[in-house]
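Peer 1: Structure of the sequence below:
(one chain, ligands or ions: 2)
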Amino acid sequence: MYTILEHPLLQHRVTLLRDISTPPKLFRELAGEISAFLAYEAFRDLETGPRRVCTPFREMEGGTIATRIVLVPILRAGMGMLDAVLNLVPYASVGVLGMQRNEETAEPIPYYAKLPKPDGNTLAVLLDPMLATGGSACDAVTTLKKQGYHRIIFLNLICCPEGLARLEREHPDVHVWSAVEDECLNERKYIVPGLGDAGDRLFGTL
Ligand code: PRP
Ligand code: URA
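Peer 2: Ligands and ions are numbered 1, 2, ... in the order given. Below is the predicted model of the structure:
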């Protein structure tokens with residue numbers, strides 16, 4: 001299951017993000033802003049629990065978030081989405097998964113995992129700007145499931161048909177929330193038109 005948000009405010013930001021002349025500082029700001037829009041939509045159905053509060057005029061029953069949330073950026077590019085999402089849900093916990101694509105085969109190589117223990121209802125929110133072959137995302141979801149996570153969503157800036165199809169095939173229970181779906185992968189398994197290497201552009205390592 002996936003949702004492509006396709007909103008003018010997102011299209012504007014993704015267009016600037018793609019631009020090869022956008023420097024890392026602006027790239028990070030744009031990635032953060034897009035991530036916040038994605039999280040706002042993806043969190044629309046979060047359960048709230050009742051909470052009584054006193055306004056200056058009277059007492060009333062409000063509601064506060066009742067779901068335990070764990071944000072899981074995939075290192076390294078997922079870090080570019082973390083702060084913005086954490087600002088929206090500051091009570092969330094953070095786990096990390098380190099994953100590096102092999103330059104030749106594009107297969108993911110996991111190199112680090114640090115995850116808090118989930119309870120039965122914990123929502124894991126995977127963060128990664130690029131869904132290309134889908135190898136990294138599928139590997140990350142498999143690791144989360146092995147650790148006991150059953151509710152998983154994936155927030156993503158740019159996806160493509162190949163990555164969406166693979167995630168749908170291997171993990172149909174994971175809802176992907178993406179700002180835009182691009183055309184295809186090139187021969188090096190990069191998203192086209194895409195934005196290049198997200199990690200390099202975020203952290204100035206081109
Ligand atoms: C990028 C990106 C994803 C992965 C997507 O990471 O952030 O994790 O590639 O490609 P896939 O869908 O084909 O697996 P990369 O391996 O370049 O590492 P980095 O974030 O450290 O730059
Ligand atoms: N990883 C990236 O950073 N960009 C792509 O287009 C594909 C994988």
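Peer 1: Look up the closest residue to residue 85, ignoring the ones flanking it.
Peer 2: Once flanking residues are discounted, residue 85 sits nearest to residue 39: 4.6 Å by Cβ to Cβ, 6 or more residues apart in numbering. Every C-beta, even on glycine, is put in place using the N, C-alpha and C of the backbone.
Peer 1: which element is that neighbour on?
Peer 2: helix 24-42 (DSSP states H and E).
Peer 1: How about that helix and ligand 1, touching?
Peer 2: No - interface with ligand 1: helix 24-42 contributes nothing (Cβ under 6 Å from any ligand atom), its closest point being 11.1 Å away.
Peer 1: Ligand 1 versus the closest residue to residue 49 other than its chain neighbours, what's the distance?
Peer 2: Leaving aside its sequence neighbours, residue 49 sits nearest to residue 66 (Cβ to Cβ, 6+ apart; 3.5 Å). With distances taken as Cβ to the nearest ligand atom, to the nearest Å, residue 66 is found 31 Å from ligand 1.
Peer 1: Give the full set of residues in contact with whatever residue of the chain ends up closest to ligand 1.
Peer 2: Residue of the chain nearest ligand 1, by Cβ to the nearest ligand atom: residue 199 (2.4 Å). For residue 199, the contact set (Cβ atoms under 8 Å, 6 or more residues apart in numbering) comprises 76, 77, 205.
Peer 1: which of those residues lies closest to residue 100?
Peer 2: Residue 100 has its nearest neighbour among these in residue 76, at 8.5 Å by Cβ to Cβ.
Peer 1: Next up, phi/psi of the closest one, please.
Peer 2: phi -100, psi -20 (degrees, to the nearest 10).
Peer 1: Ligand 2 contacts on this structure?
Peer 2: Neighbours of ligand 2 within the chain, by Cβ under 6 Å from any ligand atom: 77, 130, 132, 190, 191, 194, 197, 198, 199.
Peer 1: What sits closest to residue 176 if chain neighbours are left out?
Peer 2: Per Cβ to Cβ, 6+ apart, closest to residue 176 is residue 2, 3.9 Å.
Peer 1: secondary structure class for whatever residue is furthest in space from the centre of the chain?
Peer 2: Computed with Cα atoms, centre = their mean, the residue of the chain farthest from its C-alpha average is residue 57, at 40.4 Å. Secondary structure for residue 57, judged by DSSP: H, G, I helix; E, B strand; the rest coil, is coil.
Peer 1: ranges for the strands of the chain?
Peer 2: Secondary structure of the chain (DSSP state E): strands at 2-4, 48-54, 59-65, 69-75, 93-94, 96-101, 108-114, 123-127, 130-131, 151-159, 175-181, 184-185, 191-192.
Peer 1: Name the residues of stretch 137-148 that come out as buried.
Peer 2: Buried positions in stretch 137-148, judged by neighbour count with 16 or more other Cβ atoms under 10 Å: 137, 138, 139, 140, 141, 143, 144.
Peer 1: How far away from the center of its chain is that stretch?
Peer 2: Here stretch 137-148 is found 14 Å from its chain centre; the criterion is Cα atoms, centre = their mean, to the nearest Å.
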